[in-house]
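[1] Model the structure of this input:
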Amino acid sequence: MIVIHVRAKQAAEYEALFVERQLPRWRDYHKQGKFINARFFRSQFGSDERKSVVKYVIVVEVPSMAEHHEHDSDPEFQEFDRLADEFQPEGPLVFGGDLIQSVG
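    Residues are numbered from 1 along each chain as shown. Reported below is the predicted structural model:
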């Protein structure tokens, strides 16, 4: 899971970049079985209530770390990540691990 912090005044621009550059790749990775599922949402509540920063939560379930590393080393993702960094006043929060339980 990743929480991306984006300047509120640039939120629409970041979302458009995501839809243009990441969403097609996510669909391709899912079609190939490299992503089990992937979620991207704008947080509407939480412990960080700053109005100047919008928080986006990204959760991707992969069959193994091999698919995760493949995605992260892909030059298209590297370029998206470089562009996305321009919207972020601070680094993301990144968490990962083995799935213990799931419903649905």
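[2] remind me, longest strand of the protein?
    Longest strand in the chain by number of residues (criterion: DSSP state E): strand 53-61.
[3] Against which helices or strands is it packed?
    The helices and strands touching strand 53-61, judged by 3 or more C-beta pairs under 8 Å, 6 or more residues apart in numbering; DSSP states H and E, are strand 2-7, helix 11-21, strand 37-42. From N, CA and C alone the C-beta is placed, and that goes for glycine too.
[4] Dump these into CSV; add mean neighbour count as well.
    Below are these laid out as CSV (neighbours: other C-beta atoms under 10 Å):
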stretch, mean neighbour count
strand 2-7, 19
helix 11-21, 14
strand 37-42, 14
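[5] Of all these, which one is nearest residue 76?
    Closest to residue 76 of those, according to C-beta to C-beta: helix 11-21, at 7.3 Å.
[6] what packs against that closest one?
    strand 37-42, strand 53-61, helix 75-85.
[7] Make TSV from these and add mean pLDDT to it.
    Formatted as TSV, those follow (pLDDT from 0 to 100):
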stretch	mean pLDDT
strand 37-42	97
strand 53-61	96
helix 75-85	96
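[8] Comparing the ones you listed, which comes out most buried?
    Among the helices and strands packed on helix 11-21, strand 53-61 has the highest mean neighbour count (mean count of other C-beta atoms under 10 Å), at a mean of 17.
[9] closest one to residue 102 among the helices and strands packed on helix 11-21?
    Of all those, it is strand 53-61 that lies closest to residue 102, at 8.1 Å by C-beta to C-beta.
[10] Can you show me the CA trace of that closest one as CSV?
    Taking C-alpha atoms only, strand 53-61 is exported to CSV below (Å, rounded to 0.1, in the frame of the first residue of the first chain):
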residue,chain,number,x,y,z
VAL,A,53,-2.5,18.1,0.8
VAL,A,54,-4.7,15.4,-0.8
LYS,A,55,-3.9,11.8,0.1
TYR,A,56,-4.2,9.1,-2.5
VAL,A,57,-4.1,5.4,-1.5
ILE,A,58,-2.8,2.8,-3.9
VAL,A,59,-3.2,-0.8,-3.1
VAL,A,60,-2.0,-3.5,-5.6
GLU,A,61,-2.2,-7.2,-4.9
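[11] I'm done for today, thanks for sticking with me.
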